[in-house]
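Visitor: 3D, please:
(one chain, ligands or ions: 1)
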Amino acid sequence: MTAVVETAGIAVRGLGKGYRSSVALRDCTFDLPAGRVAALVGANGAGKTTLLTVLSGLLRPDAGEFTLRPGERVAFVAQEKPVYKHLTPRVVLQLAARLNLVWDQARAQAWLERFDIPLDRRCGQLSGGQRTQVALAVAIGSRPTLLLLDEPLADLDPLARTEVMRDLLSEVADSGATVVMSTHIVTELSGVVDHLLLLAHGTLLADGDLDELLAAHVMVVGPRAQESPVRGEVLWDKHLDGQSLFLVRTPTTPVVSAPWVVRPVSLEDYVLALLSATRKGDVA
Ligand SMILES: Nc1ncnc2c1ncn2[C@@H]1O[C@H](COP(=O)(O)OP(=O)(O)OP(=O)(O)O)[C@@H](O)[C@H]1O
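Guide: Just a heads-up that it's a prediction; the model follows:
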């Protein structure tokens, strides 16, 4: 058997950032191997934008540090998708060609044409989703080795979301780049991302290889009960009229007696369960 040694893409140690009235990130530590596509999820105000902005180099952390691969070319698509409103997408690409040391005009322009973005209309007259596509085209054209995306799907219609996820991430995967993408749209992540970073109140609650994380948990479903019939740490539970559900961390797939059943945990189950538990203050 050959051991696969993954190169660290991002190594984050004890990162902290506070604003005048709030702490946005606390003691955040994780390793993201190079070439991974990571979903950064968390409730509103969890610290996702702050983490991405720190990693982009635009915001200084108050504590801790992070390291990137030497020579990493970072592209950051911020949540507001800032594009110059008075310029047309064609001119935005010309400007980007001058500002970036590495620039692939064909790639950037093909992206805009693929999504039917009018090249000669001012960005201020484009829809929110079209402006997102302009910002993504600039990011793609710069051939990043690390792509940081803050809610890239928020303004896109359902078809564009699916296409952007598929095309963007396959382009990026082909080039071996690392991606960190914050999103609230968890349903569209399955099969696309291979790594998870889950923030709650500025603290990293879960991180790691997605398959490994999901495989370490089960959903136990059965008649209404106070306690799970499965041993292990219960991260979340829900009790309906005649039914109870428990999300349990367990190293092996447990055996339960009927009417209890054990289900594998989907990404959506896992994220929603942890977010709902943190909202109730159940998970430390
Ligand atoms: N410029 C700022 N000044 C003061 N507080 C801020 C500032 N930016 C963010 N915060 C606070 O820091 C915390 C984290 O905010 P952040 O924008 O990083 O969260 P988020 O997870 O990206 O949220 P959302 O999903 O709503 O975009 C929040 O409590 C927020 O109110």
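Visitor: Only C-alpha atoms from now on, for both contacts and neighbour counts.
Guide: Noted.
Visitor: so what's the residue in the stretch 151-284 of the chain that the ligand sits nearest to up against?
Guide: The minimum distance from the stretch 151-284 of the chain to the ligand, using Cα to the nearest ligand atom, falls at Gly202 (6.8 Å). Gly202 makes contact with 23-26, 28, 46-47 under the criterion Cα atoms under 8 Å, 6 or more residues apart in numbering.
Visitor: And it, how far from Arg166?
Guide: 29 Å (Cα to Cα, to the nearest Å).
Visitor: in the stretch 101-250 of the chain, which spans are strands?
Guide: For the stretch 101-250 of the chain, the strands defined by DSSP state E, counting those that start in this stretch occupy 146-150, 178-182, 195-200, 203-209, 217-223, 233-239, 243-249.
Visitor: Mind putting those strands into JSON lines with mean neighbour count?
Guide: Output for the strands of the stretch 101-250 of the chain, formatted as JSON lines (neighbours: other Cα atoms under 10 Å):
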{"stretch": "strand 146-150", "mean neighbour count": "25"}
{"stretch": "strand 178-182", "mean neighbour count": "24"}
{"stretch": "strand 195-200", "mean neighbour count": "23"}
{"stretch": "strand 203-209", "mean neighbour count": "18"}
{"stretch": "strand 217-223", "mean neighbour count": "22"}
{"stretch": "strand 233-239", "mean neighbour count": "17"}
{"stretch": "strand 243-249", "mean neighbour count": "21"}
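Visitor: if we can go back for a sec, from the contacts of Gly202, which is closest to Arg231?
Guide: The shortest approach to Arg231 among those belongs to Cys28, at 29.3 Å (Cα to Cα).
Visitor: you'd agree that closest one is up against Lys17?
Guide: No. Judged on Cα atoms under 8 Å, Cys28 makes no contact with Lys17 at a distance of 9.6 Å.
Visitor: those helices in the stretch 101-250 of the chain, which residues are they?
Guide: 105-114, 128-141, 158-175, 210-215 (DSSP state H, counting those that start in this stretch).
Visitor: deepest of the ones you listed, which one?
Guide: Of all those, helix 128-141 has the most neighbours on average by mean count of other Cα atoms under 10 Å, namely a mean of 24.
Visitor: Between helix 158-175 and that one, find me the angle.
Guide: Orientation check (axes from the mean of the first three to the mean of the last three Cα atoms, to 10 degrees): helix 128-141 against helix 158-175 gives 10 degrees.
Visitor: Which neighbouring elements make contact with helix 128-141?
Guide: strand 74-77, helix 89-99, helix 105-114 (3 or more Cα pairs under 8 Å, 6 or more residues apart in numbering; DSSP states H and E).
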